[in-house]
Every structure is written in structure tokens, then in C-alpha cells.
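**Q** pasting a predicted model and its sequence here:
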Amino acid sequence: MTFSKKIIIVWGVTMAIYIVALPFADLDILLGADILNRSIQTLLFILSLFIAVKETTTRNRVIFINFSIFFGICTLMMLQPFMGKAFFKTDVYAYFIFWQYTSIGYILFLSLAVIYVVVDLLFRDVKIFVKYSAALAISLTFFLFYFTPFFVDPLYLYTTEETQQLKSLQNAVRAGEETPTAAELASRVTLQSWRDGKPIGELFPEENLKQIEFLIPYVEGDETWMVIFTKPMYMNYIYMNILTIGFILLFFGYQYKKDPPQGAYIDKMMFLFLIYSSMEILHFWEYIKSIEWNYYMEISNLGQYITMFVEILIALFFALRLKFITSVQGEFYETELATNPYQISRWRDWVDNLVLSHFFNSNPFLGRFFQSRPGSNQLQPNLTANPLHRGINGKRH
């Protein structure tokens with residue numbers, strides 16, 4: 001049985017089990033876009049696992065183990081609508097706790113997966129343990145800086161200053177009453193400053209009115225309070241994604257400057273993760289700046305479909321990577337890349353051909369980066385530094 005058939009079968013069985021189990025979930029919180037997104041992420045999880053198993057070198061295997069952990073957490077999120085409904089029925093915080101920590105794990109392992117690829121590129125000859133320790137240290141340093149409060153107190157979001165102030169305003173609005181003006185609410189209630197979940201003093205009148213003017217749009221509606229509630233967490237997501245984007249830009253800057261050899265399709269994957277993290281920042285920024293809940297949900301659904309398109313492209317290059325490393329030419333190329341990296345040119349694929357043919361005069365690039373067989377559009381690895389390699393022909397994938 002071919003790898004493609006195995007992957008389709010595993011993916012199909014997984015999604016079939018999930019769909020059959022959906023009647024036991026809380027369908028009110030589940031959107032069609034969520035199901036589609038999780039299905040693509042599940043496919044990416046399976047693909048990354050297959051790639052990790054079939055990689056010919058340990059350094060590349062570690063890269064895709066990281067990606068499999070990241071997409072594995074995305075797959076684990078499929079259980080979210082079952083929490084408090086099918087599982088842990090008596091725990092009123094089951095859904096919230098599961099959502100919170102899977103989301104936090106998601107952003108940690110996204111940053112780790114990307115940072116490790118960059119560290120691996122910058123310090124190719126350093127031992128894997130050292131490179132992984134460095135990538136983990138960088139990821140954890142920023143992660144713990146932003147998310148330590150969530151581990152000290154699992155209900156930290158309930159204790160933040162703006163959440164407590166919003167609760168005070170909601171309590172000040174009488175049942176059945178239309179939402180008063182900011183000035184009217186300011187005459188009824190004086191908001192407090194909060195630190196570590198405890199009030200430390202009342203706001204001055206001017207600050208009190210200003211804060212009420214900011215919070216009063218979130219008093220109305222059944223769901224708008226969630227924007228204030230989740231704001232601290234989503235701001236931290238934005239910061240972690242900025243870190244990820246920074247390292248991806250470092251990856252391409254180093255590539256441009258040094259042009260080091262690397263595995264096939266890795267640079268395309270990194271470019272797609274650049275778009276992916278950028279979309280995550282846009283998505284969360286739009287969320288924390290939203291006031292009207294229905295408007296946010298429309299924007300959120302649109303953003304999910306754009307993200308899914310990027311994920312489909314990532315899945316395509318994961319599949320191409322798997323096909324490449326399981327071929328004779330690909331296995332030989334990756335092995336030579338690990339043992340004699342500076343005696344082999346970069347593998348040129350159909351994306352390179354497309355870019356060169358439409359945006360560049362390809363002649364200067366062919367001399368420096370690529371080597372093609374005379375009279376053929378197919379590529380062979382540049383292994384001619386060793387006469388023993390001259391009989392090995394590559395095939396473009």
C-alpha cells in the first residue's frame with residue numbers, strides 16, 4: 001500500500017470517528033469553519049508524523065517531530081466541544097480549562113517548531129541536542145514571560161483588571177434597564193485598580209469616567225464581554241507570533257546572505273508559516289479591537305477560511321516533501337546534504353522554476369544555485385565535485 005493511501009485511510013477514519021461522535025458534543029459552540037479547519041490540521045498532523053518516520057537524517061526528523069507535536073495539539077483541540085458535555089460534565093470550568101491550555105500549548109509549539117528550523121540553519125554543524133536546547137530555551141523564555149500567570153492561577157483571566165471592572169459595571173446596570181450613559185454609570189460606581197487579582201484602590205474621577213467610556217460598549221450584549229475577558233491571552237498570542245515572524249525573517253535573511261544548502265521544500269514551508277503567523281496576528285488583533293460580537297464572528301469566519309487556504313498549501317508541501325524523501329533520488333540527495341552539504345546545490349523544484357521563469361532572468365541563477373542536464377528541463381544535484389557522483393541523475397519533484 002502506498003503512503004498516500006495509508007495517509008488517506010488514517011485521515012478518513014479519524015474524521016469519520018469525529019463526525020460520528022459530534023452528537024455528543026456541544027454543537028452550539030461549533031462552527032462549520034471549525035470542523036474544516038480541524039480536519040486540515042489533522043491531515044497535517046498525520047503527514048508530519050509520516051515524514052518524521054521516513055526522514056533519512058536525525059536533524060530533519062527532529063524538525064518534523066516538532067511540527068507533528070504542533071499539529072497534534074491542533075488535532076487535540078477537536079475534543080474541545082466535548083468538554084463539559086460528554087467529558088467532565090460536573091466541572092463547570094472543564095471547557096474553559098481545556099480551551100485555555102490547549103491554546104497555550106498551540107502557541108508554544110508553533111514558536112518552538114519554527115525557531116528550531118532557524119537555529120538548525122544558523123548552526124548546522126552544532127550537535128542536535130545543543131540546537132534543540134537553544135531553541136527550547138528561547139521559546140520558553142518568551143513563553144513563560146507572557147504565560148506564567150496562567151499556570152499560577154488557572155482562572156487568571158477571571159481576575160484581570162478590565163474583567164473585574166467590567167463585572168462591576170454589569171452589576172451596576174439594573175435588571176431590565178437600558179444601558180446608561182458613561183456619566184450616569186460614573187455617578188453610580190467607582191471602578192477600582194486591580195493587581196494580582198486583588199483591588200488596590202479606587203480610580204480618580206477623571207480616570208473612572210474614561211475607563212467607563214472604554215468599557216461601556218462591552219456591557220451590552222450576551223457575548224461582547226468575552227472580548228475583554230480573553231484580551232490578555234490574545235495579546236500574548238500576538239507577541240508570540242511576532243517572535244515567530246522575527247525568526248522566520250532571520251531565516252530568509254540568512255538564506256539571502258549565505259545561501260546555505262538545506263532540505264527540499266523547507267524554505268517554502270517557512271514562507272507559508274510566515275503568512276500563517278501573520279494571519280494569526282491579524283485575526284487576534286481584529287478580535288481584541290472588536291466591539292460588536294456579530295461583526296467579529298463574520299470577520300473571524302473569513303479569517304479562518306484564509307488560514308485554511310494557507311494550511312492546505314502547507315499540506316501540499318508536506319506531501320511533496322514526503323514523496324521526495326521516499327524516492328531514490330530524494331533519499332540520496334538528503335543523505336548527501338547531511339554528509340557533504342557544501343558539495344551539493346540546492347534542489348530546484350517547480351516553485352523555483354515558476355519564480356525564475358516569471359520574475360527573473362534565470363541565467364545568473366542557474367550558474368550559481370542550480371545545475372540542469374544539457375538538453376533537459378530536469379534537474380540533477382550538483383554532485384560533480386566527486387567523480388563518483390557523476391553517474392547519479394536527479395529528478396525534479
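**A** Now that the structure is in, tell me what you want to look at. Here the structure is a predicted model, which is why all the values come from computation and not from measurement. Numbers count the residues shown, from 1 in each chain.

**Q** in this structure, which spans are strands?
**A** Ranges of strands within the chain are 192-195, 198-202, based on DSSP state E.

**Q** I'd like those as TSV, with distance to residue 45, mean neighbour count and mean pLDDT appended.
**A** Heads up, the C-betas are built off the backbone N, CA and C, glycines and all. Below are those laid out as TSV (distance: least, CB to CB, whole Å; neighbours: other CB atoms under 10 Å; pLDDT from 0 to 100):
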stretch	distance to residue 45	mean neighbour count	mean pLDDT
strand 192-195	40	14	85
strand 198-202	42	11	84
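
**Q** next, format those as CSV and append distance to residue 318.
**A** Listed next are the strands of the chain as CSV, based on distance: least, CB to CB, whole Å:
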stretch, distance to residue 318
strand 192-195, 45
strand 198-202, 48
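
**Q** the ones you listed: which one's closest to residue 145?
**A** strand 192-195 (17.8 Å; CB to CB).

**Q** walk me through which strands the closest one pairs with, and which way each runs.
**A** strand 198-202 (antiparallel) (DSSP bridges).

**Q** not counting the strand it pairs with itself, show me its contacts.
**A** 164, 190-194, 208 (CB atoms under 8 Å, 6 or more residues apart in numbering).

**Q** before we move on, what about stretch 290-304?
**A** 31, 33-34, 36-37, 217-218, 221-224, 226-227, 279, 282-283, 286-287.

**Q** cool, and stretch 83-101?
**A** 21, 24-26, 29, 79-80, 150, 154-155, 157, 233.

**Q** what does stretch 110-121 give?
**A** 59, 62-63, 66-67, 69-70, 131-132, 134-136, 138-139, 142-143, 240-241, 243-244, 247-248, 250-251, 254-255, 260, 262, 266, 270, 273, 277.

**Q** okay, and which of these map to helices?
**A** Within the contacts of stretch 110-121, residues falling in helices by DSSP state H are 59, 62-63, 66-67, 69-70, 131-132, 134-136, 138-139, 142-143, 240-241, 243-244, 247-248, 250-251, 254-255, 266, 270, 273, 277.

**Q** out of these, which end up buried?
**A** 59, 62-63, 66-67, 69-70, 131-132, 134-136, 138-139, 142-143, 240-241, 243-244, 247-248, 251, 266, 270, 273, 277 (16 or more other CB atoms under 10 Å).

**Q** so how far is residue 224 from the closest residue to residue 282 other than its chain neighbours?
**A** The shortest distance from residue 282 to any residue other than its chain neighbours is 6.9 Å, reached at residue 303 (CB to CB, 6 or more residues apart in numbering). For residue 303, the distance to residue 224 (CB to CB, to the nearest Å) stands at 19 Å.

**Q** check residue 148 too.
**A** From residue 148 to residue 224 the distance is 28 Å (CB to CB).

**Q** tell me which of the two has more neighbours.
**A** residue 224 (19 against 11; other CB atoms under 10 Å).

**Q** hmm, that one is touching residue 217, no?
**A** Yes: contact criterion CB atoms under 8 Å: residue 224 and residue 217 qualify, at 7.1 Å.

**Q** can you count the residues close to the residue nearest to residue 18 when sequence neighbours are not counted?
**A** The shortest distance from residue 18 to any non-neighbouring residue, by CB to CB, 6+ apart, is to residue 78 (5.8 Å). By the criterion of other CB under 10 Å, residue 78 has 24 neighbours.

**Q** which residues touch residue 78?
**A** Residue 78 neighbours (CB under 8 Å, 6+ apart): 18, 38, 42.

**Q** can you pull the poorly scored residue ranges out of the stretch 201-350 of the chain?
**A** Applying pLDDT under 70 to the stretch 201-350 of the chain flags the ranges 221-222, 292-295, 330-331, 333, 335-350.

**Q** can you pull out the helices in it?
**A** Per DSSP state H, counting those that start in this stretch, the stretch 201-350 of the chain carries helices over the ranges 205-215, 225-258, 266-288, 293-325, 328-339, 350-359.

**Q** got CSV for the ones you listed, with distance to residue 119 too?
**A** Listed next are the helices of the stretch 201-350 of the chain as CSV, based on distance: least, CB to CB, whole Å:
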stretch, distance to residue 119
helix 205-215, 41
helix 225-258, 8
helix 266-288, 13
helix 293-325, 20
helix 328-339, 17
helix 350-359, 25
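
**Q** what sits against residue 266?
**A** Counting by CB under 8 Å, 6+ apart, the residues that residue 266 touches are 63, 117, 321.

**Q** kindly report the same for residue 77.
**A** Residue 77 neighbours (CB under 8 Å, 6+ apart): 38, 41, 102-103, 106.

**Q** any idea which of these has the most stuff around it?
**A** residue 41 (25 neighbours).

**Q** my guess is that residue meets residue 311, correct?
**A** Yes: with contact defined as CB under 8 Å, residue 41 reaches residue 311; the gap is 6.6 Å.

**Q** before we move on, the earlier item: just name the closest of the contacts of residue 78 to residue 6, please.
**A** residue 42 (14.6 Å).

**Q** could you check how far the nearest residue to the closest one once chain neighbours are set aside is from residue 22?
**A** By the measure of CB to CB, 6+ apart, the closest residue to residue 42 outside its immediate chain neighbours is residue 75, 4.7 Å from it. Using CB to CB, residue 75 is found at 15 Å from residue 22.

**Q** more neighbours, those two?
**A** residue 75 (20 against 14).

**Q** could you report the pLDDT at the residue nearest the centre of the chain?
**A** Nearest residue to the geometric centre of the chain (CA atoms, centre = their mean): residue 110, 4.9 Å. Listed pLDDT for residue 110 reads 96.

**Q** any idea which of the contacts of residue 77 is least confident?
**A** The member of the contacts of residue 77 with the lowest pLDDT is residue 38, at 90.

**Q** these two touch, right, that residue and residue 75?
**A** Yes: judged on CB under 8 Å, residue 38 makes contact with residue 75 at a distance of 7.0 Å.

**Q** and residue 111, how many neighbours?
**A** Neighbours of residue 111 (other CB under 10 Å): 23.

**Q** what does the one 3 residues further on give?
**A** By the criterion of other CB under 10 Å, residue 114 has 29 neighbours.

**Q** I appreciate the help and will end here.
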